[in-house]
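**Student:** sequence and predicted structure below; questions after.
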Amino acid sequence: MPPRKRPPANSKFQARKPADPGVHLEPFLNYLEAECGMALNTVSAYRSDIVQFLDWYRKQKPIPLSEVDLKFLSGYLQHLNKRKLAATTVSRHLVSIKLFFRYLVLEGILAESVADLLNSPKLWKYLPKVLSPEKVNELLMAPCKEDRYPLRDRAILTMMYATGCRVTEIVSLPVNAVKLQEGYARCVGKGNKERMVSLNPVAVAALEAYLQHERPVLAKRNQSEQALFLNRSGKQLSRIMVWNIVKKNAARVGCSKEVSPHTLRHSFATHMMAGGAEIRALQELLGHANIRTTQIYTHVDHSRLKAVHQMYHPRG
């Protein structure tokens, strides 16, 4: 019996190449933004993670998504570990993959999500770095005449420390959301959740000076811009610009190179705890969805813990 001939390359019996899973990326991102209400920065982070996963996926033996198993996904985690990424970064990638696969199940593309079987890497709980109240005062007064817009920079620093707002919340704050006479502002945080933040007298004075002397000059270049903090072109200040402002002034007062805009948020929270703020109130002020995120500041405030120990311990 003659040997069976192999079908030609263009035969209808040829095995079909699995459909590229990248077709689900944009619908997934739209789902995160429209239905989950995630912030644009969060959606952008998920995009980056999933794009990296899909690039790795395409380089493997071609299999459909329905045949992806735990061993296959474990291979991707090994790939991330070989890149010597931090455990927190690997954990974030894993969260992105799990959410992507859950979306595919929700859309009926997959029957179940095998990604949920993956275990997250164990993470050390890093305590956030904070500045002392004295060092914060130095930082707030650091902007000087050498800067192009010192009043704007001081207003940014004082507002970040007064409110504990994230950088994104500061740069996206519209000018009409700030009520100086009443001493508060309305900011929009993660998940498009709006909250009220208080402005102390130092922040109010810095904002008044900026609004009176520098913002009108900047606004002339782009009168349609509604953001509170503007760049020299009259457009909304970017997150990178705020990062540069904090870094430059932190260096002036001798702060560590690790100081960032988030350091002011951590300092705000820690100093509030030291002043006796209740953790539930602090959760609202910071805009944390989960109180467990806020609880880290109970570990940072050593002075308060020491005072409690001295007050209640029989040998205190």
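**Tutor:** Everything's here; your move. Numbers count the residues shown, from 1 in each chain.
**Student:** and residue 252, how far from residue 158?
**Tutor:** 16 Å (Cβ to Cβ, to the nearest Å). For every residue, glycine as well, the C-beta is placed using N, CA and C.
**Student:** now residue 236. Its backbone dihedrals?
**Tutor:** Dihedral angles of residue 236 (phi, psi; degrees, to the nearest 10) stand at phi -60, psi 130.
**Student:** across the sheet, point out what pairs with it.
**Tutor:** In this entry, residue 236 is beta-bridged to residue 230, by DSSP bridges.
**Student:** residue 252 and residue 158: who's more crowded?
**Tutor:** Higher neighbour count among residue 252 and residue 158: residue 158, with 26 against 15, using other Cβ atoms under 10 Å.
**Student:** quick one: contacts for the more buried one?
**Tutor:** Applying Cβ atoms under 8 Å, 6 or more residues apart in numbering, one finds that residue 158 lies in contact with 140, 202-203, 206-207.
**Student:** show me the shaky parts of the stretch 201-316 of the chain.
**Tutor:** 298-313, 315-316 (pLDDT under 70).
**Student:** so where do the strands sit in the chain?
**Tutor:** 178-179, 184-188, 194-198 (DSSP state E).
**Student:** out of the ones you listed, which is closest to residue 61?
**Tutor:** strand 184-188 (45.1 Å; Cβ to Cβ).
**Student:** ok now the closest one, how far from the chain's centre?
**Tutor:** Taking Cα atoms, centre = their mean, to the nearest Å, the mean C-alpha location of strand 184-188 is offset from the chain mean by 18 Å.
**Student:** relative to residue 36, how far out is residue 219?
**Tutor:** Distance, residue 219 to residue 36, by Cβ to Cβ: 35 Å.
**Student:** higher neighbour count, these two?
**Tutor:** residue 219 (17 against 12).
**Student:** distance of the closest residue to that one other than its chain neighbours from residue 221?
**Tutor:** Leaving out its chain neighbours, the residue that sits closest to residue 219 by Cβ to Cβ, 6 or more residues apart in numbering is residue 234, at 5.9 Å. Remark: distance between residue 234 and residue 221 (Cβ to Cβ) = 3 Å.
**Student:** before we move on, what about residue 178?
**Tutor:** 21 Å.
**Student:** in helices only, show me the contacts of residue 158.
**Tutor:** 140, 202-203, 206-207 (DSSP state H).
**Student:** mind splitting this protein into its structural domains?
**Tutor:** With domains defined by automatic domain parsing, the chain comprises 21-117, 133-311.
**Student:** most packed of those domains?
**Tutor:** domain 133-311 (a mean of 17; mean count of other Cβ atoms under 10 Å).
**Student:** contacts only, for the residue nearest to residue 219.
**Tutor:** Neighbours of residue 234 in contact, by Cβ under 8 Å, 6+ apart: 218-223, 225.
**Student:** I figured residue 260 hits residue 245, correct?
**Tutor:** No: Residue 260 lies out of contact with residue 245 (Cβ atoms under 8 Å); the separation is 11.1 Å.
**Student:** the nearest residue to residue 233 once chain neighbours are set aside: what's it in contact with?
**Tutor:** Excluding the flanking residues, the one nearest residue 233 by Cβ to Cβ, 6+ apart is residue 221, at 5.8 Å. Listed by Cβ under 8 Å, 6+ apart, the contact partners of residue 221 are 232-234.
**Student:** nearest to residue 74 among those residues?
**Tutor:** For these, the nearest to residue 74 is residue 233 (48.6 Å; Cβ to Cβ).
**Student:** hmm, the closest one is touching residue 222, no?
**Tutor:** Yes: the pair residue 233 / residue 222 is scored as a contact, 6.5 Å apart, by Cβ under 8 Å.
**Student:** next one: residue 210 from residue 146, what distance?
**Tutor:** In terms of Cβ to Cβ, residue 210 sits 17 Å off from residue 146.
**Student:** before we move on, what about residue 268?
**Tutor:** Residue 268 is 27 Å from residue 146, by Cβ to Cβ.
**Student:** do residue 229 as well
**Tutor:** 19 Å.
**Student:** ok, residue 156 next?
**Tutor:** Residue 156 is 17 Å from residue 146, by Cβ to Cβ.
**Student:** list the residues that contact residue 175.
**Tutor:** Residue 175 makes contacts with 211, 215, 226-228, as judged by Cβ under 8 Å, 6+ apart.
**Student:** want to throw those residues into JSON lines with distance to residue 241?
**Tutor:** As requested, those are arranged in JSON lines below (distance: Cβ to Cβ, whole Å):
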{"residue": "211", "distance to residue 241": "18"}
{"residue": "215", "distance to residue 241": "15"}
{"residue": "226", "distance to residue 241": "17"}
{"residue": "227", "distance to residue 241": "12"}
{"residue": "228", "distance to residue 241": "13"}
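**Student:** pick out the most distant pair among these.
**Tutor:** Largest pairwise distance in those, by Cβ to Cβ, is 13.4 Å, between 211 and 226.
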